[in-house]
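Participant: Provided below are the primary sequence and the corresponding predicted coordinates.
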Amino acid sequence: MNDLGNTQFFSAQKDTGLQVRDVLRGVYAALKEKGYNPINQIVGYIMSGDPTYITSHNGARSLIMKVERDELLEELMESYIRTNM
């Protein structure tokens, strides 16, 4: 029987094989396929942390929640700088 008076801890293990670039590609494709503006939706998610900005189509919402928002932003900035500098 669980002791309901104590805080329960949950530890999620980070998926080490998951590449942020692949997450963004998958989420972008799912948003585009559903007719959303992927850029606006991804920015909304990064700014607010609200996962409802991302469609659950093709598991995109679950996928994007596997990486931290700062990791998404870092990948986007690195890509932008590589492309434009």
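Facilitator: Yes, it's here.

Participant: Contacts for stretch 54-62, please.
Facilitator: 26-27, 29-31, 33-34, 36, 41-42, 45, 51-52, 64 (CB atoms under 8 Å, 6 or more residues apart in numbering). Bear in mind the C-beta positions are built from the backbone N, C-alpha and C, glycine included.

Participant: Quick one: distance of stretch 69-84 to the chain centre.
Facilitator: 14 Å (CA atoms, centre = their mean, to the nearest Å).

Participant: typed the wrong thing, it's stretch 63-78
Facilitator: Put simply, stretch 63-78 sits 6 Å off its chain's centre (CA atoms, centre = their mean).

Participant: for this protein, which helix is longest?
Facilitator: Counting by DSSP state H, the longest helix found in the chain is helix 69-84.

Participant: Could you list the buried residues of it?
Facilitator: Within helix 69-84, the residues scored as buried using 16 or more other CB atoms under 10 Å are 72, 75-76.

Participant: and which of the contacts of stretch 54-62 is nearest to residue 7?
Facilitator: residue 51 (23.9 Å; CB to CB).

Participant: If we ignore the residues flanking it in sequence, what's nearest the closest one?
Facilitator: For residue 51, ignoring the flanking residues on the chain, the nearest one in space by CB to CB, 6 or more residues apart in numbering is residue 61 at 5.3 Å.

Participant: which residue sits closest to residue 21 in space, ignoring its chain neighbours?
Facilitator: Sequence neighbours aside, residue 75 is the residue nearest to residue 21 in space, at 6.0 Å (criterion: CB to CB, 6+ apart).

Participant: correct me, but the one you found touches residue 22?
Facilitator: No - using CB atoms under 8 Å, residue 75 makes no contact with residue 22, being 10.1 Å away.

Participant: Narrow the contacts of stretch 54-62 to just the buried residues.
Facilitator: Buried among the contacts of stretch 54-62 (16+ other CB under 10 Å): 27, 30-31, 36, 41-42, 45, 64.
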